[in-house]
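A.B. asks: everything below, folded, please.
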Amino acid sequence: MQTSLADFIRDTPEGREADAILRKCVHCGFCTATCPTYLLLGDENDGPRGRIYLVKQILEGVAVTAKTQLHLDRCLTCRACETTCPSGVSYGRLADIGRKLIEERVERPLWQRVTRRALAEVMRRRFLFASLLKLGQIARPLLPPWLAEKVPAATLAPGAWPAPRHARKMLALAGCVQPALSPDINAAAARVLDRIGISLIEAKGAGCCGGLRFHLNYQEAGLADMRALIDRWWPHVEAGAEAIVVTASGCGVTVKEYGHLLRHDARYAAKAARISALTRDTCEVIDAEFFRIEPLLKKSGKRVAFHPPCTLQHGQNIKGVTERLLSRAGFEITPVPDAHLCCGSAGTYSILQPELAERLKRNKLSALASGEPELIATTNIGCLAHLQSGTGLPVRHWIVAFEGQLS
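C.D. replies: Numbers count the residues shown, from 1 in each chain. Alright, predicted model coming up:
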């Protein structure tokens, strides 16, 4: 794709990056076949190729409007288009650049500004979010149906967290909403790793990965969250932490990109690159250590439909690993049509774009249920909560289900 960037962006780091991304695009349109919003809406501007053109116009100085902003807002940033693209276009990064620019040029309506600011400030503050969640659970019978379904009726108890007793140690990301919504997830991961001979520890005060504010277009604030998390983790890294284990694939893809996002920061570039290099999804850790845990598995279990979050299969490019682990643990993995398509959770998307998110959720649940599973498993807290709100089947993090197979 030929480009002619405007003076305001041409010689900046973001301009050079965007220009290189745009020039890779050959207009082939393969991406439209795997774009969830294009498949729902049939609008070229609600598909990757159309959005690339919109971002190109922004970069070339064309006046932009609220309509342009809406098409970019509707993008889930699922990055299925990146998996499909034969030219290797980094669409997700281009979308981030475009969104930042349009946010500076188009003022949102007041209700949008208030909603987005509230999400950015409440969800990243663990204590505040947990308090509001408890209040919502108490008031759940009185809430309107559309809101009540987003509030889980109860949360599973975490159980015991093993004391750090092994020479091998790994760091866990606690995250922001996961400790309140599903405190059982990291605790289960800690117990599984303890059986392997690895102590999983959480760094005191380590909170949000930064992805929440960054993808709400408070990008500088999101980068500040990333630096704060690096600071909390760094003493443990220097003390020899073997890896950083992330049980939420949405956070995992963000942390794995710290090295890129902070590469121009003289103080943090090297540390960020080191953090990214150490980061592993839970399935990567268990897969590498499976020979240690295999003798402890029951090797018989339920029929499970696995939902691979977009952040796992497209963002981190991890495909088939979790399914293989569940199968080797004794579960029967049921077929799921169109497993590459997004469930509609996508961070705060289900709140900001509820109609599209609901349609995507219904489609995904229909696909997951088609194999008549007894359980739905996934590896991201956002997908878990979103899917659970629309089905009577239990939806669990895969590591919780996997731990139940240990004798």
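A.B. asks: now the lengthiest helix in the chain - C-alpha only, PDB.
C.D. replies: The single longest helix within the chain, with elements called by DSSP state H, is helix 219-238. Output in PDB follows, covering the C-alpha atoms of helix 219-238 (Å, rounded to 0.1, in the frame of the first residue of the first chain):
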ATOM      1  CA  GLN A 219      -2.300   5.000  26.500                       C
ATOM      2  CA  GLU A 220       0.100   7.100  28.500                       C
ATOM      3  CA  ALA A 221      -1.600   6.000  31.700                       C
ATOM      4  CA  GLY A 222      -1.500   2.400  30.500                       C
ATOM      5  CA  LEU A 223       2.200   2.700  29.900                       C
ATOM      6  CA  ALA A 224       2.600   4.100  33.500                       C
ATOM      7  CA  ASP A 225       0.800   1.000  34.800                       C
ATOM      8  CA  MET A 226       3.200  -1.200  32.900                       C
ATOM      9  CA  ARG A 227       6.200   0.600  34.400                       C
ATOM     10  CA  ALA A 228       4.700   0.200  37.900                       C
ATOM     11  CA  LEU A 229       4.200  -3.500  37.400                       C
ATOM     12  CA  ILE A 230       7.800  -3.900  36.200                       C
ATOM     13  CA  ASP A 231       9.000  -2.100  39.300                       C
ATOM     14  CA  ARG A 232       7.100  -4.500  41.500                       C
ATOM     15  CA  TRP A 233       8.400  -7.500  39.700                       C
ATOM     16  CA  TRP A 234      12.000  -6.500  39.100                       C
ATOM     17  CA  PRO A 235      13.400  -7.400  42.600                       C
ATOM     18  CA  HIS A 236      12.100 -10.900  42.100                       C
ATOM     19  CA  VAL A 237      13.500 -11.100  38.600                       C
ATOM     20  CA  GLU A 238      16.900 -10.100  40.000                       C
END
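A.B. asks: now it: average pLDDT?
C.D. replies: Averaging pLDDT along helix 219-238 yields 97.
A.B. asks: going by contacts, tell me the helices and strands next to that helix.
C.D. replies: For helix 219-238, the packing partners by 3 or more C-beta pairs under 8 Å, 6 or more residues apart in numbering; DSSP states H and E come out as strand 168-172, helix 211-215, helix 258-261, helix 269-278. Placement of C-beta: from N, CA and C, glycine included.
A.B. asks: mind listing what's buried along the longest one?
C.D. replies: Looking back up the chat, that one is helix 269-278. Judged by neighbour count using 16 or more other C-beta atoms under 10 Å, the buried positions of helix 269-278 are K271, A272, R274, I275, S276, L278.
A.B. asks: not counting its neighbours along the chain, what's nearest the fifth one?
C.D. replies: With C-beta to C-beta, 6 or more residues apart in numbering as the measure, G259 is the residue that lies nearest to S276, at 3.9 Å, once sequence neighbours are left out.
A.B. asks: what do you get for the last one?
C.D. replies: Counting by C-beta to C-beta, 6+ apart, L278 lies nearest to I244, which is 4.8 Å off, once chain neighbours are set aside.
A.B. asks: tell me, how many residues neighbour the one you found?
C.D. replies: For I244, the tally of surrounding residues (other C-beta atoms under 10 Å) stands at 26.
A.B. asks: for it, list each beta-bridge partner.
C.D. replies: Per DSSP bridges, residues listed as beta-bridge partners of I244: L171, T279.
A.B. asks: ok, it touching T282?
C.D. replies: No. In this structure I244 lies outside contact range of T282 using C-beta atoms under 8 Å: 11.0 Å.
A.B. asks: shared neighbours of those two, anything?
C.D. replies: When contacts are counted by C-beta atoms under 8 Å, 6 or more residues apart in numbering, I244 and T282 have no shared neighbour.
A.B. asks: check whether the residue nearest in space to the middle of the chain sits in a helix, strand or coil.
C.D. replies: For the chain, the residue lying nearest the average C-alpha position, counting by C-alpha atoms, centre = their mean, turns out to be G250 (1.7 Å). In three-state terms, and counting by DSSP: H, G, I helix; E, B strand; the rest coil, G250 is helix.
A.B. asks: how close does it get to A130?
C.D. replies: The spacing between G250 and A130, counted by C-beta to C-beta, to the nearest Å, is 19 Å.
A.B. asks: hang on, the earlier thing: tell me the pLDDT at the residue nearest to the centre of the chain?
C.D. replies: Looking at G250, its pLDDT stands at 96.
A.B. asks: can you report how many residues neighbour the nearest residue to it once chain neighbours are set aside?
C.D. replies: Leaving aside its sequence neighbours, G250 sits nearest to T311 (C-beta to C-beta, 6+ apart; 4.6 Å). When neighbours are defined as other C-beta under 10 Å, T311 has 30 of them.
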